[in-house]
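Colleague: Everything below, folded, please.
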Amino acid sequence: MAARRTVDPQKTRDAVAAVAGWLRDETATPPARPQLADAVRTTARTLAAVAPGSSVEVRVPPFVAVQCIAGPTHTRGNPPNVVETDARTWLLLATGLLSVDDAAAAGALQLSGSRAREIAAALPLVPLA
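Modeller: Residues are numbered from 1 along each chain as shown. The predicted structure is shown next:
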């Protein structure tokens, strides 16, 4: 099994700060792809560090997929508990600008499996005021 990458809290905060204007204002110029990728990857890896485990897989294509939430381990095939969304929605969730329930109700967040909603307990990761 691959080793989990360590998370640098300052790097995560810096990556989120770089895209914060776009998160607060959808009409703002979108961030460059490398900035967006960095913010998505660091926040997702922070989630995996804050809520370690492998019961739920969080997918933000094409940037990252992480496993989190303690419980039964999944090792082969499709995981039973999956959270999937786009980069902007993920970052809105990670910063507390959008709730899991609101994102799911709007169809921007797909949740499958009985434990997928458990990620809400670990959010926000980097709160934006």
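Colleague: Kindly check the end-to-end length of stretch 96-110 for me.
Modeller: One end of stretch 96-110 sits 18 Å from the other (CA to CA, to the nearest Å).
Colleague: Buried residues of the biggest helix by length in the chain, list them for me.
Modeller: Ranked by residue count, the top helix of the chain under DSSP state H comes out as helix 33-50. Using 16 or more other CB atoms under 10 Å as the test for burial, helix 33-50 gives 36-49. All C-beta atoms are positioned from the backbone trio N, CA, C, and that covers glycine.
Colleague: This structure: strands as residue ranges?
Modeller: Remark: strands assigned in the chain by DSSP state E are 56-60, 64-68, 82-85, 109-112.
Colleague: Tell me which strands the second one pairs with, and in which orientation.
Modeller: Each strand pairing with strand 64-68, determined using DSSP bridges, is listed with its direction: strand 56-60 (antiparallel).
Colleague: Name the residue closest to the centre of the protein, please.
Modeller: Centroid check for the chain by CA atoms, centre = their mean gives residue 44 as the closest residue, at 4.2 Å.
Colleague: isn't residue 22 right up against residue 31?
Modeller: Yes. In this structure residue 22 lies within contact range of residue 31 using CB atoms under 8 Å: 5.5 Å.
Colleague: Neighbour count: these two, which is higher?
Modeller: Neighbour totals were compared for residue 22 and residue 31, and residue 31 leads with 21 against 18 (other CB atoms under 10 Å).
Colleague: neighbours around the nearest residue to residue 121 once chain neighbours are set aside, how many?
Modeller: Nearest non-adjacent residue to residue 121, counting by CB to CB, 6 or more residues apart in numbering: residue 51, 7.4 Å away. Neighbours of residue 51 under the rule other CB under 10 Å: 21.
Colleague: Thanks a lot, catch you later.
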